[in-house]
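> I'll drop the sequence and a predicted model, then ask my questions.
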Amino acid sequence: MSIIIAGIHTGIGKTICSAVLCQLLGYDYWKPVQAGDLENSDSHFIRDHVDHPSCVIHPESYRLSTAASPHYAAEQDSVIIEKHKILLPFSSNDIVIETAGGLMSPLGKKFLNIDLIQHLAFPVILVSNNYLGSINHSLLSCEALKIRNIPVCGIVFTGEKNRVSEKYILNYTGFPLLFSIPWFENLGSESIRKFAGTLHSDILINRL
């Protein structure tokens, strides 16, 4: 089944998590909305860091020039991001779908990332990262997903470990830990491939 990668905040490791999953499972990759860094986008990152032969990178529905919140970036490009125009790419493969920013990041007027997640109607992997305030952001994100009855496969933690924070988040939410991605000193395709090789794809697939 295709899966949506959502985050508690921006810049917390969603793309690295997406790369790990594409490498491990051979899924395709799609980021519906890319704001800024068009010559060095998240799709470019997946291309450069995933070498699984089954992984196809699908073009974004919206490519916006300004590195900012998508709703503002769209305004700068005189574009309106419309939900009905964001359609799942055709593929015989499952797809890792990466959202832009946090769950409540706006894509347009009264149109948030979480609305897009409901529109696409796939389960979510929530990516969290350990920083001051991450417990609050994680619990708020989990509550938002629960309120909307969006299925959650589990949580992925990225970066330096904080066992106290992670234990609290997992115990409070009841969501399972899928895996934790360490901080990579030299981030490249080899480190992604080696880390993915430490995970058990059959166990993970059973949770998706």
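Perfect, thanks for sending it. Numbers count the residues shown, from 1 in each chain.
> C-alpha only now, for contacts and for neighbours.
OK.
> Show me where this structure has its strands.
In the chain, the segments counted as strands under DSSP state E are 3-7, 28-30, 33-35, 57-58, 62-64, 95-102, 106-108, 111-112, 124-129, 152-158, 177-181.
> State the distance from the residue lying farthest from the centre of the chain to Ala35.
When distances to the mean C-alpha position of the chain are computed (Cα atoms, centre = their mean), the maximum falls on Ser78, with 26.1 Å. Distance of Ser78 to Ala35, computed by Cα to Cα, to the nearest Å: 13 Å.
> And the pLDDT for Arg207?
Arg207 is assigned 69 on the pLDDT scale.
> would CSV of the strands of the chain with mean pLDDT be doable?
Formatted as CSV, the strands of the chain follow (pLDDT from 0 to 100):
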stretch, mean pLDDT
strand 3-7, 97
strand 28-30, 98
strand 33-35, 95
strand 57-58, 98
strand 62-64, 96
strand 95-102, 95
strand 106-108, 95
strand 111-112, 96
strand 124-129, 97
strand 152-158, 96
strand 177-181, 95
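> Kindly reformat those strands as TSV containing distance to Lys167 and mean neighbour count.
Shown next, in TSV, are the strands of the chain (distance: least, Cα to Cα, whole Å; neighbours: other Cα atoms under 10 Å):
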stretch	distance to Lys167	mean neighbour count
strand 3-7	18	25
strand 28-30	30	27
strand 33-35	32	23
strand 57-58	35	18
strand 62-64	37	21
strand 95-102	21	25
strand 106-108	30	21
strand 111-112	29	17
strand 124-129	12	26
strand 152-158	11	22
strand 177-181	10	17
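> For Glu190, which of those is the nearest?
With Cα to Cα as the criterion, Glu190 lies closest to strand 177-181 of these, at 14.4 Å.
> Can you give the contact residues for stretch 61-81?
Residues outside stretch 61-81 that contact it (Cα atoms under 8 Å, 6 or more residues apart in numbering): 31-38, 85-87, 100-101, 105-109.
> Now with 10 Å, please.
10, 30-39, 41, 82, 85-89, 100-102, 105-109, 111-113 (Cα atoms under 10 Å, 6 or more residues apart in numbering).
> C-alpha coordinates for it, PDB please?
The C-alpha trace of stretch 61-81 is given here as PDB (Å, rounded to 0.1, in the frame of the first residue of the first chain):
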ATOM      1  CA  SER A  61       1.900  18.600  -9.100                       C
ATOM      2  CA  TYR A  62       3.100  22.100  -8.100                       C
ATOM      3  CA  ARG A  63       6.700  23.400  -8.400                       C
ATOM      4  CA  LEU A  64       6.900  26.800  -6.700                       C
ATOM      5  CA  SER A  65       9.900  29.100  -6.900                       C
ATOM      6  CA  THR A  66       9.900  30.600  -3.400                       C
ATOM      7  CA  ALA A  67      11.400  28.700  -0.500                       C
ATOM      8  CA  ALA A  68       8.500  29.400   1.900                       C
ATOM      9  CA  SER A  69       5.200  28.100   3.200                       C
ATOM     10  CA  PRO A  70       3.500  26.600   0.100                       C
ATOM     11  CA  HIS A  71       0.500  29.000   0.300                       C
ATOM     12  CA  TYR A  72       2.800  32.000   0.300                       C
ATOM     13  CA  ALA A  73       5.100  30.500  -2.400                       C
ATOM     14  CA  ALA A  74       2.100  29.900  -4.600                       C
ATOM     15  CA  GLU A  75       0.900  33.500  -4.100                       C
ATOM     16  CA  GLN A  76       4.300  34.700  -5.200                       C
ATOM     17  CA  ASP A  77       4.000  32.600  -8.400                       C
ATOM     18  CA  SER A  78       0.400  33.700  -8.900                       C
ATOM     19  CA  VAL A  79      -0.700  30.100  -8.500                       C
ATOM     20  CA  ILE A  80      -3.600  28.700  -6.500                       C
ATOM     21  CA  ILE A  81      -2.900  25.200  -5.200                       C
END
